[in-house]
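Trainee: Model the following, please.
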Amino acid sequence: MTDRTPGDQHGSNAEPAIPASEPVVEPTANPDEPLRATDPLLIDQVTLPEVGIVCQRHAVFVDEGETLPSAGEQAFSLCGIPLTIGPPPAEMLPGVPAEVVDCADCQAIIWDEPAIEPVGSDFRLFVRRRGTIDVHIVEDSGLSATTMTARCGALFRLGEDLEQLAPGCGAPCNRCLLASLSGPATLPEHLAVSGEF
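Mentor: Numbers count the residues shown, from 1 in each chain. This is a model prediction of the structure:
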């Protein structure tokens, strides 16, 4: 596998919205302490395909001061996929080297390119905890390496038993619906205080 630079697929003068960087970490006095990023950075992680034999290269965002995920730990990619940090597979079939392609959704976020979707559509995940009713809306601004924050403020942590649903499926969370209206929508004061929703 060859080293990639952000300009390779977008022209030599292109600048990514999220610059690629080498991990810059704070040294720690205790070697057992996890390393922390001193600058925002992206970590490439290759995942096995759900179908077929072509692997995908996702990007995991680590913000300044956050702990760097180590091998075996789970994280969320920019596109919202939960994945396990680790080395890429050498082969998909015996004697056949693994083929790897960049995740189009991660690349679109890195390069700040609009997805090929109808005008006005935004990246959204529709999730709920398994066994619950309310389906929450998580937008790209609510994603981090280890958590997802819904529009209503509900926090989902990596490793929770979640279901991802298609748009329009299940019973929506009313607070998420109100918060996802175009413009800065807020709950009416009497509803926010009473907790009616």
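Trainee: Got the domain ranges for this structure?
Mentor: 6-110, 124-194 (automatic domain parsing).
Trainee: Mind telling me which of the ones you listed the model trusts least?
Mentor: If you rank the domains of the chain by mean pLDDT, domain 6-110 sits at the bottom with a mean of 76.
Trainee: re the thing from before, any chance of the domains of the chain in TSV, with mean neighbour count too?
Mentor: Glycine gets a C-beta too; all of them are placed from N, C-alpha and C. Shown next, in TSV, are the domains of the chain (neighbours: other C-beta atoms under 10 Å):
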stretch	mean neighbour count
domain 6-110	14
domain 124-194	15
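Trainee: For the nearest residue to residue 140 once chain neighbours are set aside, which residues are in contact?
Mentor: The shortest distance from residue 140 to any non-neighbouring residue, by C-beta to C-beta, 6 or more residues apart in numbering, is to residue 123 (4.6 Å). For residue 123, the contact set (C-beta atoms under 8 Å, 6 or more residues apart in numbering) comprises 80, 105, 109, 115, 139-140.
Trainee: cool, and residue 172?
Mentor: For residue 172, counting by C-beta under 8 Å, 6+ apart, the contacting residues are 134-135, 137.
Trainee: Which ones among these map onto strands?
Mentor: Residues of the contacts of residue 172 located in strands (DSSP state E): 134-135, 137.
Trainee: Tell me the one of the residues you listed nearest residue 64?
Mentor: residue 137 (27.3 Å; C-beta to C-beta).
Trainee: Residue 154 versus the closest residue in space to the closest one that isn't next to it in sequence, what's the distance?
Mentor: Once flanking residues are discounted, residue 137 sits nearest to residue 176: 4.1 Å by C-beta to C-beta, 6+ apart. Residue 176 sits 8 Å away from residue 154, taking C-beta to C-beta, to the nearest Å as the criterion.
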